[in-house]
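Engineer: Fold the stuff below for me.
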Amino acid sequence: AGQGIGGKQEGCRLFPSSSMLSSMYRRMAPPFLCFAAVVHCSYAWSPTPHIMQPTRFLPCGPERCLCSLGRRSYRAPMSMTNQEEQSSTIEAWEAEYQALQARKGVVRTQPQQDGGFFGKLGQAFSQVLEPKSDPVVMANLEASEAKKGPRQIDAPPVDGFRVVREYQHVKESFTQGVQWSHKEKIWYEGSGGPSFSQGTRIAKMDLESGKVLKYRSLPARHFGEGITVLGNKLYQLTWRSNVGFVYDKDSFELLDDFQYDHEGWGLTNNGKELIMSDGSATLYFHDPETLKETRKMTVRYLAKRSGEMTPLRRLNDLQWVKGKIFSNIWEADRIAVINPETGIVERFIDLKGMLDESDPWIQQWTRSDRCLNGIAYDEVDDRLFVTGKMWTKIYEIEVVEGAGDKEEMDKKSLPKDYYNPAGSFDPLGMSR
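Structural biologist: The predicted structure follows:
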């Protein structure tokens, strides 16, 4: 989650901020660059559920946009047959979706568009008529919920990390959710659809080689979010379409869809329930068969400064690890380790410094567009993987308990003038 251009910016319910506008105008391609869209181009100028964003419209083949927004083209390593490539197209997905709706006897209109002045005006009226949709009201409710239930005695400890191994990652993937299957030796990944990425899709990849073995692309009206595999099914969320999709995990055949009344961000499962985040401090639990919500809980922790139980907001991609819920925090370099019974954050894992921000590929993206987002776990070999949006690498890491707390103590023990707030130690003052 955190959707790049016009993405999830707190306090921007009515109008985009100056930073959002800067990001939009820096990335938007003029319509005349996409004159080939009708014939073969992946991008066209069309209204979407996102703010003034050029988006995927017609497929131009499995892995190449010929106009590439006037800047670059993309071709990932592939290992698919012609028949599989044909089934991966947006048209093929649309045909399966229409067939699914016909079987269910459902007639649905297109999702409401989110962009534009009138869309934002409508959101303002809805906030007046329905106060719970107001972010300030929701923040106050979460703060109240966080103080209920058992209280933490001490603030959560902060762990560090050590990189064990690196793997190649499809760098054009705006990663929203990942999962590792030890039995199949397959890396599953779901991505979102900003115009500068490969688009919304689900995919399976070979971790060792980085090759894409199979994928399915979705139309631009659905911005892909978290995924999880449970049994023989793969579940996928969308951001603001209020709909999730269920696929056969092997063939990627579309089997079902389901609705929810909030945004979709991260998704995982505990073997019995689907667990979903929406960017707030709330986790939602769903029955994987009926796809109905069964319960929800507020994630909270004891804040060091205030000494109060505080809601942990911006919960993003999720992963079930050894009976705990690991969660990315949008635009933060930390993972929260959450108790699934109480919602209390038991630990944080600080991953600051993992991403090579000197990489020219990484430097062209905003903080939101390149943030940490993607946790996978190999429960057989006890391996933990992390990656992020537009990252070139997948990292297998080892958690170093207490290393984050030790770093904080080391910082406090240094003279103030010797500490570089940019994030590294500078005893000789070389960077000042």
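Engineer: C-alpha only now, for contacts and for neighbours.
Structural biologist: OK.
Engineer: which secondary structure elements does the host helix or strand of residue 258 contact?
Structural biologist: Taking DSSP states H and E as the definition, residue 258 sits inside strand 254-259. The contact analysis (3 or more CA pairs under 8 Å, 6 or more residues apart in numbering; DSSP states H and E) places strand 254-259 against helix 90-104, strand 243-248.
Engineer: Return the set of buried residues in it.
Structural biologist: Buried residues in strand 254-259, counted by 16 or more other CA atoms under 10 Å: 254, 256-257.
Engineer: still on that earlier bit, output the helices and strands packed on strand 254-259 as a markdown table; include the columns distance to residue 223.
Structural biologist: Output for the helices and strands packed on strand 254-259, formatted as a markdown table (distance: least, CA to CA, whole Å):
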| stretch | distance to residue 223 |
| --- | --- |
| helix 90-104 | 13 |
| strand 243-248 | 10 |
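Engineer: Would you reformat those as a markdown table and include mean pLDDT and distance to residue 361?
Structural biologist: What follows is the helices and strands packed on strand 254-259, written out as a markdown table (pLDDT from 0 to 100; distance: least, CA to CA, whole Å):
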| stretch | mean pLDDT | distance to residue 361 |
| --- | --- | --- |
| helix 90-104 | 95 | 28 |
| strand 243-248 | 98 | 31 |
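Engineer: Could you say which of the ones you listed is packed most deeply?
Structural biologist: Comparing those by mean neighbour count (mean count of other CA atoms under 10 Å), strand 243-248 comes out on top with a mean of 19.
Engineer: Relative to that one, what are the paired strands and their orientations?
Structural biologist: According to DSSP bridges, strand 243-248 forms sheet pairs with strand 233-238 (antiparallel), strand 254-259 (antiparallel).
Engineer: which one of those lies closest to residue 94?
Structural biologist: Between residue 94 and these, the shortest gap by CA to CA is with strand 254-259, which sits at 9.9 Å.
Engineer: After the closest one, which helix or strand is next?
Structural biologist: Assigned by DSSP H and E, the successor of strand 254-259 is strand 267-269.
Engineer: Which strands or helices does that following strand pack on?
Structural biologist: strand 224-230, strand 274-277, strand 315-321.
Engineer: Let me know the secondary structure of residue 210.
Structural biologist: coil (DSSP: H, G, I helix; E, B strand; the rest coil).
Engineer: one step back: so for residue 317, which of the helices and strands packed on strand 254-259 sits nearest?
Structural biologist: By CA to CA (comparing all of the helices and strands packed on strand 254-259), the closest turns out to be strand 243-248, at 15.1 Å.
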